[in-house]
Every structure is written in structure tokens, then in C-alpha cells.
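**Q** Give me a model of this one.
(one chain, ligands or ions: 3)
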Amino acid sequence: MLSIIPGNKISSLDSTYIKEEGISSWDLMERAASAFCNLLFEKLLMVPDDVFIFSGPGNNGGDGLAIARLLSLRGKKVSLIVFEQNQNCSKDYQINFEKLPSQVQVFRWDEFGFAFNDHDLIIDGIFGVGINRPVEGKYREVIEKLNEAKGIKIAIDIPSGIPSDSLLIGIAFKADYTFTFQFPKLALLFPEHAEYSGVIEVADIGIPDHFLEQFGENRYFLTGDDLKSLHLTFNRFSHKGDYGKVLLIGGSKGKVGAVLLASKAALRTGSGLVFALVPEDERLILQIGAPEVILANQDEIKGLQIFDALGVGPGWGQEIDISFYESLLKRYHKPLVIDADGLNLLSAHPRLIELVPNGSILTPHIKEFERMTGKVDHHLDRLQKARDFSEKHNVYLVLKGQFTSITCPDGRQFFNSSGNQYMATAGSGDVLTGMVTSFLGQGYPPLNAALCAVYHHGLAGELASETRLRGTIAGDIIESIPASFLKLGIA
Ligand SMILES: NC(=O)C1=CN([C@@H]2O[C@H](COP(=O)(O)OP(=O)(O)OC[C@H]3O[C@@H](n4cnc5c(N)ncnc54)[C@H](O)[C@@H]3O)[C@@H](O)[C@H]2O)[C@@H](O)CC1
Ligand SMILES: Nc1ncnc2c1ncn2[C@@H]1O[C@H](COP(=O)(O)OP(=O)(O)O)[C@@H](O)[C@H]1O
Ligand SMILES: [K+]
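**A** Ligands and ions are numbered 1, 2, ... in the order given. Next up, the predicted model:
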């Protein structure tokens, strides 16, 4: 799994790796530049002929110079805009400057005209993870102009101005794409930086995961490659009892659809038996909407231990009998999944949180999370509060949004790479609740249940939205769950 390395450890990572591999820092920069160019040709349908590269004084600028050479060798008309005298720039910058082919036109920033067309490609190599203060002076002037300019904009490693692991102060380059080296820098995952980072792609420069891990701080980027080994298999001689008996509890007048969505999602995720407990008057809707679901009644659920997992909260409302919730938490001793009003009720009745079984999975969106922990200032603060909360209450916290994070009681934090903006639609969280509950009921350890559910939910959202775009609805995500398994080769 890809470790996310903090900015202040990247240069020691770099030098240790170079030493162990017996390569030079220039070699590593060359790998980075060619990985960048490969991504460019892979991700852009048409790579523009006119390319403008802005190179700052450090190694991010050095990457820009190497990219200038490689793109020029591939027939592109490259203009390079520089800021400092060569002798004031990094060593590898200077080497790459010497290697520039004569076809690359070099401009000083104050001699350059800044006139671009829609189809020009603008590459930002001004600053990378070495940024150590807010951008001012000539750099600010140039970034302001570039942010107004036409053209397709790509940042090398990180948009210039964004610090590697903390919140932007002042100005930064606004990229359409960020091609980041080896692992995404933490700050790229902050919602506050969404307008700067654009689409994030990871350019593999060949540093292995186990090597990265030594420099990490227990933060990881979850990709499809990580998932396969987490899944349990379905075997030929199995029966429905082998794949978990789960119970979804929620629904209220007008909101029973939430349980319907969660139940269907649990079935599509592979649950053998899905039970639902909803108010008496709302049962018919559920039964018609999903005939595969078994409706439980209050008496049946007295023997709660027969269920392999519970999913509590979708569409529940705030008006429920709180003593029922309390007795549920007291009587069920295995990890369970809590979402939506199940969480809001914990916020309203804080004594209940102490009753939540160890290892349970809580799936708040940002607002629900704030209700539980109090006001959050920014995403970094939220990530720290998530760690504190998980550790204190011994639960897994799935904080939903773009790059949903999964925080473990031991402090590990995983960031999901799948999903897109078309999942911002009513009920998509209920789908996730059904999926997590399903995996938990199938016998996955809580962490694996959360990782698998979050990743497949995002991938199903991507697949569902391929043809539906902004018309994607939660039900489409459910119907694409099997396609997500297929895509990852999970039988
Ligand atoms: N393994 C790696 O991490 C690799 C990193 N590489 C590149 O190296 C970059 C990091 O390079 P550096 O450490 O040289 O850092 P940068 O290139 O980000 O910038 C550092 C330079 O900018 C100056 N500077 C910082 N903030 C400034 C500000 N606000 N105004 C004016 N000047 C400022 C510094 O004094 C220094 O000269 C990465 O982002 C990446 O692009 C790649 O070359 C290859 C491998
Ligand atoms: N822009 C986005 N990118 C990725 N995933 C998203 C995005 N917007 C929403 N999602 C996902 O959709 C789900 C929304 O959940 P939630 O806010 O609880 O919705 P609801 O309450 O309507 O069911 C979460 O899993 C979230 O991660
Ligand atoms: K940059």
C-alpha cells in the first residue's frame, strides 16, 4: 500500500534511496520526468504541440527542465520560462539546463509575453514540496498571470504554493491536473485545495512500497491494487448462511428508502441473508422495493446475537425511542456499523458512545463528524480529531467525502482513491452503509470491511457515472457494485 510521506522526510527518503539503489539524484529526477511524460501521453487524449514550462530554482524546476528536454525530443515546441541565474539553482537543475536541446526556447520570466491559446499546455515546475514560505514577488506575479491564462494546466508533483502537508497560505497555481511523484502529498487530499490540484494522478518513479513505509507516518493511499488480497472467497459448496446474516435498522416516515438502498447494497455486496427492521407502517415499501429482504420485528431482534453484523441509522430520524437504541448497544457485543441518525443520536446522547462495541465502524460525513467532535477548523484539524476520536472510543472512523479517510484506533489512516463528484447524490451514503455492513457480516475484520466497502463504493460510483454523469443516482451505484468486483477480478 502506498505510504504518504510527509514533506520534511522526502529529501532523506530521496537520498537514502539513491544510495541504496546506487543511482545519482539526477537519475531519479530523470525517472520522475519520464514518468511525468508517460502520464501526459496516457491521460491527455491529445497532447498539445505548444508547451510552456515554468521552472523555479529547486528540483521541481529541475524536473521541469528534464521534461522540457523529453517533450522537445518527442517533437513538441517547448518554451521554457526561468526565474533565477543558473548558479543560484539546485545542482540537478544546473545539469539539466546544460542538457537542454537547442530547440527549446528559453525566456526569463520578465521577458516573456504570457499570451496563451486554449490549446496550449502550461506546466508548473515553479515550486514542489520544498516550498518554505508563502509565495511573493515575481513568483506571485507569474502565478497570478497563469491562473488567469487560457490553456491546459498541469502541476509537477504539487501545485506551486501548496505546502506538502498543511494548509495553503496565500496564492498557489491552479492546475487542471497534478501529476504527483510516487505518492500523493497529504495536502493534495484536502478539500480546501480542490480548486488547485485538479485531477490527481500518481506517477510511479519506482520506489517500492516497503521502502517508502519506513519514512511514513501511518498514512496510506488506498488503490485497487491493495484490495484483492483483502477479499474472502466464495466457494462452490457454500450456502447462504456462509455469507453472513445482517440486520439493517433504520427508516422513519418518508425515509424508509434509506434502508431500502442499504439493504439492496448489502445484497449486491454478497450478503447471504439481509434482514431489515423498520417502523411497522413502512414495511410494505421495503418489501415491494426489495423482495429479497426479510423484515424482522422487534421480538425477533431480541436474539440479536444471531446476526453477524448490524447496520444502524439510515433514515432513522431523531424521534426514535432512545431506550431501544441504548438496549441495542448493550445487547450486541460484536462490531457494528453506525451511520446517519445513528450517529446524530450519539452526538445528542453522548453517554451512548461508551456503549458502542469495540471495533465498530462509524461512517459520518463532515457535518455528522462535527456534531460528534465539535467545530473543526480545517481538514488537517479534522484528520487529527479523527485520530483522537478513533483511539479514544476504539472504533474505525470512515470520514466520507472526496478521498474518504478510514482511521483506525491505532492511528493508521487510509485515504480512498476511488469515487467522483457524481456520487454527491442523496442516498449514496446509505449505499455505503449497506456495503460495510455486508462485508462485516461476511466475516471480514472491521478494517478490511471498511477498506473494501469504501473502495468498491467509489469504483461502483465511477462505473455508474461513466454514462450517466450528473444524472447518476444512488440506485445506479448499487447496480454497479458487481461491475466493480468484475473490474478488480474478484469472483
Ligand atoms: N523523491 C523525490 O521526492 C523526488 C523529488 N523531485 C522533485 O523535487 C521537488 C523538491 O525539490 P526541492 O527540495 O529542491 O524544492 P522545490 O523545487 O520545491 O523548491 C525549493 C527552492 O525554492 C525556494 N523557495 C521555497 N519557497 C519559496 C518561496 N515561497 N519563494 C521563493 N523561493 C522559495 C527554496 O529556497 C529552494 O531554492 C519535488 O517536489 C519534486 O518535484 C524529483 O526531482 C525526483 C524525485
Ligand atoms: N465529490 C465526491 N467524490 C467522491 N466521493 C463522493 C463525492 N461526493 C460524495 N461522495 C461519496 O458519496 C457518499 C455520500 O454520503 P452521505 O453524505 O452520507 O450521503 P447521503 O446521506 O445522501 O446518503 C459518501 O460515501 C461520499 O464519500
Ligand atoms: K509544481
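**Q** Just the buried positions in stretch 264-281, please.
**A** Using 16 or more other CB atoms under 10 Å as the test for burial, stretch 264-281 gives 264-279. Glycine gets a C-beta too; all of them are placed from N, C-alpha and C.
**Q** For the stretch 251-400 of the chain, just list every one of the strands.
**A** 273-277, 294-295, 309-312, 337-338, 361-362, 396-399 (DSSP state E, counting those that start in this stretch).
**Q** if we compare these, which one ends up closest to Thr433?
**A** With CB to CB as the measure, strand 309-312 is the member of those nearest Thr433 (5.1 Å).
**Q** got the residues of this structure near ligand 1?
**A** Along the chain, the residues adjacent to ligand 1 under the rule CB under 6 Å from any ligand atom are 10-11, 14, 28-29, 32, 56-63, 90, 127-133, 135, 139, 156-157, 181.
**Q** one more time with 5 Å
**A** Taking CB under 5 Å from any ligand atom as the test, the list of the chain residues beside ligand 1 reads 10, 14, 28-29, 32, 57-60, 63, 127-133, 135, 157.
**Q** Now list the buried members of those.
**A** Neighbour counting by 16+ other CB under 10 Å classes 10, 14, 28-29, 32, 57-60, 63, 127-131, 135, 157 among these as buried.
**Q** Now the stretch 151-300 of the chain against ligand 1: closest residue?
**A** Nearest to ligand 1, among the residues of the stretch 151-300 of the chain, is Asp157, at 3.6 Å (CB to the nearest ligand atom).
**Q** Which residues does the helix or strand hosting Lys138 contact?
**A** Here Lys138 is covered by helix 137-148, with elements defined by DSSP states H and E. For helix 137-148, the external contacting residues (CB atoms under 8 Å, 6 or more residues apart in numbering) are 54, 56, 81, 83, 109-110, 114, 122, 124, 126-127, 135, 153, 160-161, 170-174.
**Q** In strands only, show me the residues you listed.
**A** Cross-referencing these with the strands (criterion: DSSP state E) gives Phe54, Ile81, Ile122, Asp124, Lys153 as the overlap.
**Q** and ligand 3, which of the residues you listed reach it?
**A** Intersecting the ones in strands among the contacts of helix 137-148 with the contacts of ligand 3 gives Asp124 (criterion: CB under 5 Å from the ion).
**Q** Let's see if you can find the most crowded of the ones in strands among the contacts of helix 137-148.
**A** Neighbours here are counted as other CB atoms under 10 Å. On that basis the top member of the ones in strands among the contacts of helix 137-148 is Asp124, with 30 neighbours.
**Q** residue nearest the centroid of the chain?
**A** Phe403 (2.3 Å; CA atoms, centre = their mean).
**Q** Which helix or which strand is home to whichever residue of the stretch 301-450 of the chain sits closest to ligand 2?
**A** Nearest residue of the stretch 301-450 of the chain to ligand 2 (CB to the nearest ligand atom) works out as Gly429 at 2.1 Å. Element membership of Gly429 [criterion: DSSP H and E] is helix 428-441.
**Q** Touching stretch 428-436 from outside, list them.
**A** Contacts to stretch 428-436, defined as CB under 8 Å, 6+ apart, come from residues 248, 257-259, 261-266, 269, 311, 313-315, 337, 339-340, 361, 363, 365, 398, 400, 449-450, 452-454, 456-457, 461, 474, 477-478, 481.
**Q** Might one say that Val246 is in contact with Leu277?
**A** No - contact criterion CB atoms under 8 Å: Val246 and Leu277 do not qualify, at 11.4 Å.
**Q** I figured Gly206 hits Arg31, correct?
**A** Yes - in this structure, Gly206 is within contact of Arg31 by CB under 8 Å, at 5.9 Å.
**Q** where exactly do the helices run in the stretch 101-250 of the chain?
**A** In chain order, the stretch 101-250 of the chain shows helices spanning 137-148, 194-197, 209-213, 224-227, with DSSP state H, counting those that start in this stretch as the criterion.
**Q** ok, residues contacting the last one?
**A** Taking CB under 8 Å, 6+ apart as the criterion, the residues outside helix 224-227 that touch it are Met1, Ser417, Ser418, Leu451, Cys452, Tyr455, His456, Leu459, Lys487, Leu488, Ile490.
**Q** Where does pLDDT dip in this structure?
**A** Applying pLDDT under 70 to the chain flags no residue at all.
**Q** biggest helix in it, by residue count?
**A** When every helix of the chain is counted residue by residue (DSSP state H), the longest turns out to be helix 446-468.
**Q** ranking the contacts of helix 224-227 by neighbours, who comes first?
**A** With neighbours taken as other CB under 10 Å, the top of the contacts of helix 224-227 is His456, carrying 30 neighbours.
**Q** SS state for the nearest residue to that residue once chain neighbours are set aside?
**A** The spatially closest residue to His456, leaving aside those adjacent along the chain, is Ser484, at 4.6 Å (CB to CB, 6 or more residues apart in numbering). Assigned with DSSP: H, G, I helix; E, B strand; the rest coil, Ser484 falls in the helix class.
**Q** now do the one 3 residues further on
**A** Judged by three-state DSSP, the three-state class of Lys487 is helix.
**Q** Can you give the contact residues for the helix or strand Gly64 falls within?
**A** Element membership of Gly64, judged by DSSP H and E, is helix 59-73. By CB under 8 Å, 6+ apart, the residues outside helix 59-73 that reach it are 29-30, 32-34, 36-37, 40, 51, 53-56, 78, 80, 82-83, 89-90, 92-93, 95-97, 99-101, 103-104, 123, 125-130, 156-157, 160.
**Q** Within range of ligand 3, give me the residues from the stretch 101-250 of the chain.
**A** Remark: the part of the stretch 101-250 of the chain in contact with ligand 3 comprises Asp124, Ala155, Ile156, Ser160, using CB under 5 Å from the ion.
**Q** ok, what's across the strand from the first one?
**A** What that stands for is Asp124. For Asp124, the beta-bridge partners under DSSP bridges are Phe54, Ala155.
**Q** give me the residue from the stretch 351-491 of the chain nearest ligand 3.
**A** With CB to the ion as the measure, Phe403 is the residue of the stretch 351-491 of the chain nearest to ligand 3, at 19.8 Å.
**Q** got the contact list for that residue?
**A** Applying CB under 8 Å, 6+ apart to Phe403 gives the contacts Leu189, Phe415, Asn416, Ser417.
**Q** So which of these are in strands?
**A** Among these, DSSP E puts Phe415, Asn416 in strands.
**Q** Show me what the nearest residue to Ile4 once chain neighbours are set aside bridges to in the sheet.
**A** Distances taken as CB to CB, 6+ apart put Arg219 closest to Ile4, at 4.2 Å, once the chain neighbours are dropped. For Arg219, the beta-bridge assignment (DSSP bridges) gives partners Gln413.
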